[in-house]
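Student: sequence first, predicted model second:
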Amino acid sequence: MAFIPRIFIGSDSISGGMAFVRGSDRNHIVNVLRKTAGDTVTVCDMHSNSFEAVIEKIEDDSVVLLLGEKKHTKSELPFPVTVYQCVPKGEKCDTVVQKAVELGAKEIVFVISERCVARPDGKAFEKRRERMMRISESAAAQSGRGFVPEVRGLISYDEAIKEIAASGRGFVCYEGDGTVPLRTLLCGEPESMAFLIGPEGGLSEKETGLARGAGLPLANLGKRILRTETAALYVLAGISVIME
């Protein structure tokens, strides 16, 4: 079967069975994919709905698409999962975003914790976030997602713990003592799930104490010590295998 490109647009660009693709997506269709009138693309409305669409015409500022039947995307996890990732060094943020999106995360939130080596300021991180949103969109298209997962941050560790505690089921991943096996947390049908991965240097005793004080269990990820950029992917894969 031929590959059909996946285009994400807001529902405000859909009207009367037509979709209007503008800006960089219009340029991507015309100049990168080399699509012409009569060719087919898949359109996603950012609400987990997709349409097979035929290019009706290409205008100077838009590509006009004729939409087919609306279908609900079946590629999502059974509940929303948010990854809270303490900021790693180098380009590892990009890896976390790309793979977390492929594995079904709804949102990736970057956190500054006590032992983070990388501590970008807000302005620097916003530039990186824009890049990571492009990575998220590309990964969502490749993996057949129905929307583009959000990347946000930076937030403090304290803020992250409060948000995780407010989710349907939350936990903090930790390699030290006083933990429970991950598999004991991957059961039932929670409304949502959120978990935190520490930085390269791990979490401090104060930080694990804060998690416990908020009622969050500390989850161990098996017998091997995982890199920070691997840990979130391990958890997401476990959610998929056990709970989908």
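Tutor: In hand now; what should we look at? Numbering: from 1, shown residues only.
Student: what about the residue nearest to Thr73 when sequence neighbours are not counted, distance to Asn49?
Tutor: The spatial neighbour of Thr73 that comes closest, neighbours along the chain excluded (Cβ to Cβ, 6 or more residues apart in numbering), is Gly146 at 3.0 Å. (Glycine included, C-beta is placed from N, CA and C.) Separation of Gly146 from Asn49 (Cβ to Cβ, to the nearest Å): 7 Å.
Student: please apply the same query to Gly90.
Tutor: Separation of Gly90 from Asn49 (Cβ to Cβ) stands at 37 Å.
Student: comparing the two, which residue is more hemmed in?
Tutor: More neighbours surround Asn49 than the other of Gly90 and Asn49, with 16 against 10 (other Cβ atoms under 10 Å).
Student: quick check: longest helix of the chain.
Tutor: Identified as the longest helix of the chain according to DSSP state H is helix 122-142.
Student: would you mark the buried spots in stretch 90-99?
Tutor: Buried residues in stretch 90-99, counted by 16 or more other Cβ atoms under 10 Å: Lys92, Cys93, Thr95, Val96, Val97, Gln98, Lys99.
Student: that one - what's its average pLDDT?
Tutor: Averaged across stretch 90-99, the pLDDT comes to 94.
Student: which residues are in contact with it?
Tutor: Under the contact criterion Cβ atoms under 8 Å, 6 or more residues apart in numbering, stretch 90-99 has outside partners 83, 85, 87-88, 108, 110, 118, 128, 131-132, 135-136, 138-139, 151, 228-229, 232-233.
Student: any of those residues buried? List them.
Tutor: Buried among the contacts of stretch 90-99 by 16+ other Cβ under 10 Å: 83, 85, 87-88, 108, 110, 118, 128, 132, 135-136, 139, 151, 228-229, 232-233.
Student: domains in this structure, by residue range?
Tutor: Domain segmentation of the chain under automatic domain parsing yields 6-72, 81-243.
Student: what's the most buried one of those domains?
Tutor: Stretch with highest mean neighbour count among these: domain 81-243 (a mean of 18; mean count of other Cβ atoms under 10 Å).
Student: just the strands in the chain please.
Tutor: 6-8, 14-15, 18-22, 40-44, 49-58, 62-72, 81-86, 107-112, 150-156, 169-173, 180-181, 193-197, 218-220 (DSSP state E).
Student: and of these, who's closest to Glu207?
Tutor: strand 169-173 (8.2 Å; Cβ to Cβ).
Student: pairing partners for the closest one, with directions?
Tutor: Strand pairing for strand 169-173, using DSSP bridges, gives strand 193-197 (parallel), strand 218-220 (parallel).
Student: which of the ones you listed sits closest to Gly178?
Tutor: With distances scored as Cβ to Cβ, the stretch of those nearest to Gly178 is strand 218-220 (6.0 Å).
Student: need the residues that contact that closest one.
Tutor: Applying Cβ under 8 Å, 6+ apart, the contact partners of strand 218-220 are 171-176, 178-182, 185, 195, 208, 211-212, 235.
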